[in-house]
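Undergrad: Sequence plus predicted model, see below.
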Amino acid sequence: MTSHRAFKARVRARMTKTGESYTTARRHLLIRTTGGLADRSWPPAPTESEPPQAAPTAAEPTQAEPATEAPAAPGGTAGQMARTPDALLRQRTGRGWEEWFALLDGWGGTGHTHTAIAAWLVTTHEVPGWWAQTITVGYEQARGLRAPGQRRGGSFEATGSRTVAVPVGRLFDAFADETLRRRWLPDVEVRVRTATAPRTFRADWAGGPTRLVVGFAAVGDTKSRVSVQHEKLAGPEQAAELKAYWRDRLAALKQLLEGEA
C-alpha cells in the first residue's frame, strides 16, 4: 500500500542518514510517529470543522492522513466510525472497519489496553501511527469500552482542529501570547502550564478542573494546523457543548490570523 511504501522509504532515508540498521531505524520512526502510543486520544480524532492534515502527539507534531467526516450524532459527538468512512479506512490501511474488528476480536483485543491495541496494529500489521489510533478508538467505541468523546478511563473530552494560512510560529503565538489570545478567546481565564514553541501548549481552563492540550504542526511554510484537546470534562453534554464552542472559536482564530496576513 502507498502508506506502507512511504513509511519504508522514510526508514531507508533514516538508515542512510544515521547508519542505523533497518530494524533500529524503523523502531525510532515508529516511536516518533506514535508518540509512544500513550493511552490518550492524541492525535485528536477528526472533527466536524474540517479534515486533519497534521496531527500532533504529546511529544511532537507529525503528519497525519486526511479524512472525510460525517456530521456529529444528535446530542453528542460522532463516533470514530461515523467520522472515518469505511472506504477511506480501507484505502489507507488495506482493510475496512469490520475486517479490523474481526482481526482484533480474534487477537483478544477487548482484553488489552489502548496502548497495546495500537502497538499491535503498528508492529504486527504496519498500520501508520495515526491510523492505528483511529482504528483503536473505533474498536473501543464499537465494543463498548468507551463512548464517543470518552477516554478509556471514563473521563470525557472535546476536540477541535483547524488549518490556518499562517506560519506555525504565528499560530502558536495565538495561544501563548496573552494579548493575542484575548483577541479571539476573550473573557476566559487560561492559566498556562507549559508552552513549547512552536509545538505544544498546555493550560488549565477557567481555573480548572478541565484543561487544554494543544498541538501545532506546519503544513508548508505559510500554512499550519492546530489541534485542541479539552480534557477532564464532566460528561457527554459538556463535551458536546465544548466541541461546538471550539469549532466556533477556531473559526474566529482562523479569520483573525488570515485577515492580518
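TA: Cool, the structure landed.
Undergrad: drop to CA atoms for contacts and neighbour counts, all remaining ones
TA: Fine.
Undergrad: Same question for the longest helix along the chain: list its buried residues.
TA: Counting by DSSP state H, the longest helix found in the chain is helix 236-260. Using 16 or more other C-alpha atoms under 10 Å as the test for burial, helix 236-260 gives 236, 239-240, 242-244, 246-247, 249-251, 253-254, 256-257.
Undergrad: Pretty sure Glu231 sits in a strand.
TA: Yes - Glu231 sits within a strand when classified using DSSP: H, G, I helix; E, B strand; the rest coil.
Undergrad: And the pLDDT at it?
TA: In this model, Glu231 is scored at 90, pLDDT.
Undergrad: Quickly find the element holding the nearest residue to it once chain neighbours are set aside.
TA: Nearest residue to Glu231, sequence neighbours excluded (C-alpha to C-alpha, 6 or more residues apart in numbering): Glu157, at 4.6 Å. Using DSSP states H and E, the element containing Glu157 is strand 156-164.
Undergrad: which stretches of the protein have low pLDDT?
TA: Under the criterion pLDDT under 70, the flagged ranges of the chain are 1-4, 17-78, 148-154.
Undergrad: if you set the cut-off to 80 instead, what comes out?
TA: Within the chain, the stretches with pLDDT under 80 are 1-79, 146-155, 207, 261.
Undergrad: so where do the helices sit in it?
TA: 2-18, 22-34, 80-83, 86-93, 97-107, 114-125, 129-142, 168-176, 178-184, 236-260.
Undergrad: do you know which of those helices lies nearest Gly208?
TA: Across the helices of the chain, the minimum distance to Gly208, taken as C-alpha to C-alpha, is reached by helix 236-260, at 14.0 Å.
Undergrad: Does anything pack onto the closest one? Which helices or strands?
TA: In this structure, helix 236-260 makes packing contacts with strand 156-164, helix 178-184, judged by 3 or more C-alpha pairs under 8 Å, 6 or more residues apart in numbering; DSSP states H and E.
Undergrad: Could you rerun that using 6 Å?
TA: Helix 236-260 is packed against strand 156-164, with contacts defined by 3 or more C-alpha pairs under 6 Å, 6 or more residues apart in numbering; DSSP states H and E.
Undergrad: how far out from the middle of the chain is the strand it packs on?
TA: Between the centre of strand 156-164 and the centre of its chain there are 8 Å (C-alpha atoms, centre = their mean, to the nearest Å).
Undergrad: Who are the packing partners of that strand?
TA: strand 224-233, helix 236-260.
Undergrad: Relative to the whole chain's centre, how far out is the last one?
TA: How far helix 236-260 lies from its chain's middle: 16 Å, per C-alpha atoms, centre = their mean.
Undergrad: do the same with the shortest one
TA: Averaging C-alpha coordinates over strand 224-233 and over its chain gives two centres that are 8 Å apart (C-alpha atoms, centre = their mean).
Undergrad: could you say what helices and strands that strand packs with?
TA: Using 3+ C-alpha pairs under 6 Å, 6+ apart, strand 224-233 is in contact with strand 156-164, strand 211-218.
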